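>>> 3D, please:
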Amino acid sequence: MTTTTLAVLVPLLPFLGAVAGLLLGRTAPGFVRPLAVLPPLASLVLAALVASRQGGGRVIDAYTLLTPTGSVPVDLALHIDGFAALVAILVAFVATCVQIYSTGYLRDDPRHPSYAALVSLFTSAMLLVVYSGDLIVLLVGWEVMGICSYFLVGHYWGTPEARAASLKAFLVTKLGDVPFLIGLFALGTDAGSFRITRVLGAVASGGLDHPTLIALLLLAGVAGKSAQFPLHTWLPDAMAGPTPVSALIHAATMVAAGVYFVARLLPVFEASAAAMTVLAVMAAITMVGSGLAALAQDDIKRVLAYSTIGQLGYMTGALAVGDRGAAVFHLLTHGAFKALLFLAAGAVIHAAGTNSLAAMSRMSHLRDRVPDAFWTMTVALLALAAIPPFSGFFSKESVLGAAERLATGHPGPAPGAAGWIVLVAALAAALLTAAYATRLWLLAFRGRGAEAPDHGRQPLTMTVVLWVLAVPSLAFGALAYRALPGWFDGASLAPTLLTSILGTGLAVVGGLLAYGAWQRAAARAPRVPLGAVAAHPEGDAGLVEAEAIAAHEPAYGDIAKAPDPADPGRLLLGPLYGPAAAGFHLDAVYSALFVRPVLGAASLVRFLDREVVDTYVRGAAALPRLLGAAVRRAQTGNVQTYVSALLAGTVVLTVAVLLVASGA
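Purely as a prediction, here's the structure:
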C-alpha cells in the first residue's frame, strides 16, 4: 500500500467510525465500544507507518483537483512533512486514550454512543487539518472541529452551565473565524492558489501584496481556536463538558489547531515584522495573565484550563521568535502531560461520583483513595512545571532558548524586541506555572476539605490509560530533543545553560512560595466540618455553581459562597486574587462592549418592526377594509335603487358632457 493511501486512511477511518457509531449506536449498543476505540487505534498505527516512511526527510505531496473555481482552484491535497507526521501521531494517540478512558468514565451514560461518535468525528477533523495540503480543505476540518466542540462541551445539555458554555465556545471561536476566512481568501488571491506549497513558494518569491493584513486576519482565527488573548475566555467555561472531552480538546485537537496552522504557514507571518510583534505581545499577555488566573481558581479543571492557555502561549511565543521546531516540540510534550492531567482529574471526580468535588478547597484524603491518579498527576504536574528530567523541561527550555537567541542579537525572522517580550514573559510564566501546579497538588492531595463519599476504585480502562500517558510525560522530552531536529527544520532543541538555570530556578522558587503560603494559610484556617457531599443528579455535569452546591448540602453554604481561607493563592496574589479568580473581568468587558450594544440594537429593531413597520402594514390593510365596507353598504340588493342610481349617473354624465361642449 502506498504512503499516500495510508495517509488518506488516517483521517478517513475515524470519520467512518463516527458515521457507523451514529447509525448503529442506538440499535446495536454492543458495537459502541469497538466503534469508539478501533478506528482511532487503527489511525494511530497508520499514522506511525506514514511517519516511519516519511522519516523526517522528503515531504510527501499529493493532490487531485477537487473542483474548478475559476482562477483559484481547490485541490484535495496532502502535504506531510516532519511536523505533520508527528502531530498526527499525537492526535491519534490521545484520541485513542480518551476513547478507551471514556468507556469506563461514561459507561453508565445513556448518551455515550453519540458522544463516542462525535469524538471520532472530532479526531477525523483534526487529522484532516494536520495532513491537508490545501487551505480550503483545511478550513473544512477547522470548522467541523468547531461544531463538534459545541456538541461535546454541551454533552450535559440538561444543565444551564453546559448549554451556556457550548454556546460561548461556538460564538467566541466564530468571532475569530470570520476574519480568518477573509484572510484565507486574501492569501489565496495573492498567492494565486490555496495549495500550501504554492502559497509558501509565493511568500519566498515576495508574491504577497498584503502580508501584514493577511497575517493579522489569520491571527484572529488562531487566537479564537487556540484560546489566546483576547479570545481565550471560552476555554475555562468549556470545562462544563465531560472531563475526557476536556483532555481531547486541550491536548490534541481544537486548541492545538491554531498553533499548528501558524507553524505550517510561519513564512507568511514572518513576511510581516508587525505581525510577528503582535504575535509576541499576544503570547506574552496570554502566558502571564493565564498564570495569574490559574493561581486563583478553586475548580481543578479550571486551573488546568488556564494552564492550557498559558502553555499555548509558550507555543505562540516560540512561533513569534521564528522557531516552529520549539513550538511543535512543546505541542507534543504538552499533549501527553495535559491529557494525563485532565484524565487524572477525571479519576478524582469519578471517585467521588460528583463534579462538585472538583473544587479543590473541598478535597480531602485523596492521595490514599486514588493512588493511581495521585502518582500519575504528580508526574504530569512536574512536567507542567518544567522540572528536569520530565518532558516539559526540555520543550519549555527550547522555547526559552529560542527567545534568548533572538533577544541577544542572533539574526532571526522577527524583531529583537519580540525576543525580549517572549523571554521575559516566559520566565515570569515559569514561576507562576510552578506556583499554581504546586498549589493544585497540595490542595487536591493534602487538602483539609470535606470528606466525600467513596465510590470505589476506578475501572481498569481509566487506570491503564493514566499510566500509559505517564510514560511520555516522564521520558519523551529527554529522548526527543536529540531526535526531533531532523524531523523539523534542523535547529537545535537542546536546553541552553542560561535559560535552564533561570527557568528551573524560577520554577523552584514558585513551588517553594506556594508551599510556604499553603503552610501559613493552613496554620491559620479552621478545618472544614466533615460530612458527605451530595451527588449531583447529572453525575459529571460540568461546573456546579456555588449556589447549587449550597442547595445540595446546606452545611456547606458558607464554604461554597466564599473562597477557602486556606488557599495559598490568596496570600500569593493579595489584592489581585479577586480579579484573577474572575478572569480579570474580561467577560464583563465583552458584555459591555459587544453583548449589551447588540441586545440594545436588537431591541431597537424589534421596536421599529413592531411600532413602525407593522403600523404601515396595518394601515395598508385597513384602507382596503374601509373601502370594502363602504362598497358593501352600497350593495342593498334593491333593484329599484340600482336603476335609480343608474339613471342618476346617466343624467349627471349627460349634463357634464353638455357643459363641456358649450364651453368649447
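>>> contacts for stretch 190-210, please.
When contacts are defined by C-beta atoms under 8 Å, 6 or more residues apart in numbering, stretch 190-210 is touched by residues 61, 63, 71-75, 77, 79, 132-136, 184, 186-188, 211, 214, 264-265, 267-268, 271. (C-beta placed from N, C-alpha, C; glycine too.)
>>> can you do 6 Å?
Contacts with stretch 190-210, where a contact means C-beta atoms under 6 Å, 6 or more residues apart in numbering, come from 75, 77, 79, 133-136, 188, 267-268, 271.
>>> can you redo the residues you listed as JSON lines with distance to residue 568, secondary structure and pLDDT?
Shown next, in JSON lines, are the contacts of stretch 190-210 (distance: C-beta to C-beta, whole Å; DSSP: H, G, I helix; E, B strand; the rest coil; pLDDT from 0 to 100):
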{"residue": "75", "distance to residue 568": "55", "secondary structure": "strand", "pLDDT": "89"}
{"residue": "77", "distance to residue 568": "52", "secondary structure": "strand", "pLDDT": "93"}
{"residue": "79", "distance to residue 568": "48", "secondary structure": "strand", "pLDDT": "94"}
{"residue": "133", "distance to residue 568": "49", "secondary structure": "coil", "pLDDT": "94"}
{"residue": "134", "distance to residue 568": "50", "secondary structure": "strand", "pLDDT": "95"}
{"residue": "135", "distance to residue 568": "47", "secondary structure": "helix", "pLDDT": "95"}
{"residue": "136", "distance to residue 568": "50", "secondary structure": "helix", "pLDDT": "94"}
{"residue": "188", "distance to residue 568": "51", "secondary structure": "helix", "pLDDT": "93"}
{"residue": "267", "distance to residue 568": "45", "secondary structure": "helix", "pLDDT": "96"}
{"residue": "268", "distance to residue 568": "44", "secondary structure": "helix", "pLDDT": "96"}
{"residue": "271", "distance to residue 568": "46", "secondary structure": "coil", "pLDDT": "94"}
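>>> would JSON lines of those with distance to residue 509 be doable?
Putting these into JSON lines (distance: C-beta to C-beta, whole Å) gives the following:
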{"residue": "75", "distance to residue 509": "52"}
{"residue": "77", "distance to residue 509": "49"}
{"residue": "79", "distance to residue 509": "44"}
{"residue": "133", "distance to residue 509": "46"}
{"residue": "134", "distance to residue 509": "48"}
{"residue": "135", "distance to residue 509": "44"}
{"residue": "136", "distance to residue 509": "48"}
{"residue": "188", "distance to residue 509": "48"}
{"residue": "267", "distance to residue 509": "38"}
{"residue": "268", "distance to residue 509": "39"}
{"residue": "271", "distance to residue 509": "39"}
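>>> any idea which of these is closest to residue 335?
Distance to residue 335 across the contacts of stretch 190-210 (C-beta to C-beta) is lowest for residue 79, with 21.0 Å.
>>> got a list of what the closest one touches?
By C-beta under 6 Å, 6+ apart, the neighbours of residue 79 are 61, 133, 196.
>>> and with 8 Å instead?
By C-beta under 8 Å, 6+ apart, the contact set of residue 79 is 59-61, 131-133, 196-197.
>>> just the buried ones among these, please.
For the contacts of residue 79, a burial check counting by 16 or more other C-beta atoms under 10 Å picks out 60, 131-133, 196.
>>> need those residues in JSON lines (columns: distance to residue 34 and secondary structure).
JSON lines is the format used below for the buried ones among the contacts of residue 79 (distance: C-beta to C-beta, whole Å; DSSP: H, G, I helix; E, B strand; the rest coil):
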{"residue": "60", "distance to residue 34": "30", "secondary structure": "strand"}
{"residue": "131", "distance to residue 34": "25", "secondary structure": "helix"}
{"residue": "132", "distance to residue 34": "28", "secondary structure": "strand"}
{"residue": "133", "distance to residue 34": "32", "secondary structure": "coil"}
{"residue": "196", "distance to residue 34": "35", "secondary structure": "helix"}
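>>> among those, which one lies nearest to residue 32?
Comparing the buried ones among the contacts of residue 79 against residue 32 with C-beta to C-beta places residue 131 closest, at 27.2 Å.
>>> pretty sure the closest one contacts residue 78?
Yes: using C-beta atoms under 8 Å, residue 131 is in contact with residue 78, at 5.5 Å.
>>> so which of the contacts of stretch 190-210 is the closest to residue 631?
Nearest to residue 631 out of these is residue 136 (C-beta to C-beta; 61.9 Å).
>>> isn't that closest one up against residue 76?
No: Residue 136 lies out of contact with residue 76 (C-beta under 8 Å); the separation is 9.7 Å.
>>> neighbour count winner among those two?
Shown here are residue 136 and residue 76; by other C-beta atoms under 10 Å, residue 136 has more neighbours (21 against 16).
>>> how far away is the more buried one from residue 208?
As judged by C-beta to C-beta, to the nearest Å, residue 136 and residue 208 stand 18 Å apart.
>>> quick revisit: can you list residues touching both of residue 131 and residue 78?
Common neighbours of residue 131 and residue 78 (C-beta under 8 Å, 6+ apart) are residue 7.
>>> can you map out the strands along the chain?
For the chain, the strands defined by DSSP state E occupy 60-67, 74-80.
>>> of those strands, which stretch is the most buried?
Looking across the strands of the chain with neighbours counted as mean count of other C-beta atoms under 10 Å, the highest average goes to strand 74-80: a mean of 22.
>>> just the C-alpha atoms of that one, please, in CSV.
The C-alpha trace of strand 74-80 is given here as CSV (Å, rounded to 0.1, in the frame of the first residue of the first chain):
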residue,chain,number,x,y,z
VAL,A,74,-9.5,23.9,-4.7
ASP,A,75,-7.4,20.7,-4.6
LEU,A,76,-7.8,17.6,-2.5
ALA,A,77,-4.1,17.7,-1.4
LEU,A,78,-1.8,16.1,1.1
HIS,A,79,1.3,17.8,2.5
ILE,A,80,3.1,15.7,5.0
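>>> from the chain's centre, how far out does it sit?
Centroid separation for strand 74-80 versus its chain: 25 Å, with C-alpha atoms, centre = their mean, to the nearest Å.
>>> now swap in stretch 288-300 and tell me
For stretch 288-300, the separation from the chain centroid amounts to 17 Å (computed by C-alpha atoms, centre = their mean).
>>> what about the helices in the stretch 201-350 of the chain?
Under the criterion DSSP state H, counting those that start in this stretch, the stretch 201-350 of the chain contains helices at 211-225, 234-237, 243-251, 255-264, 266-270, 273-294, 300-320, 324-352.
>>> cool, and the stretch 451-600 of the chain?
Using DSSP H, counting those that start in this stretch, the helices of the stretch 451-600 of the chain run over 460-483, 497-524, 546-552, 557-561, 568-573, 577-581, 586-590, 596-608.
>>> looking at those helices, which one is packed in the most?
Mean neighbours per residue, mean count of other C-beta under 10 Å, is largest over the helices of the stretch 451-600 of the chain for helix 568-573, with a mean of 22.
>>> who are the packing partners of it?
helix 416-445, helix 497-524, helix 577-581 (3 or more C-beta pairs under 8 Å, 6 or more residues apart in numbering; DSSP states H and E).
>>> in a markdown table, list the ones you listed along with mean pLDDT.
As requested, the helices and strands packed on helix 568-573 are exported to a markdown table (pLDDT from 0 to 100):
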| stretch | mean pLDDT |
| --- | --- |
| helix 416-445 | 95 |
| helix 497-524 | 92 |
| helix 577-581 | 93 |
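>>> select, out of those helices, the one closest to residue 626.
Nearest to residue 626 among the helices and strands packed on helix 568-573 is helix 577-581 (63.9 Å), distances taken as C-beta to C-beta.
>>> dump the closest one to CSV, keeping only the CA atoms.
The C-alpha trace of helix 577-581 is given here as CSV (Å, rounded to 0.1, in the frame of the first residue of the first chain):
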residue,chain,number,x,y,z
TYR,A,577,-6.9,37.4,43.9
GLY,A,578,-10.4,38.6,43.2
PRO,A,579,-9.8,39.9,39.7
ALA,A,580,-7.7,36.9,38.8
ALA,A,581,-10.4,34.5,40.0
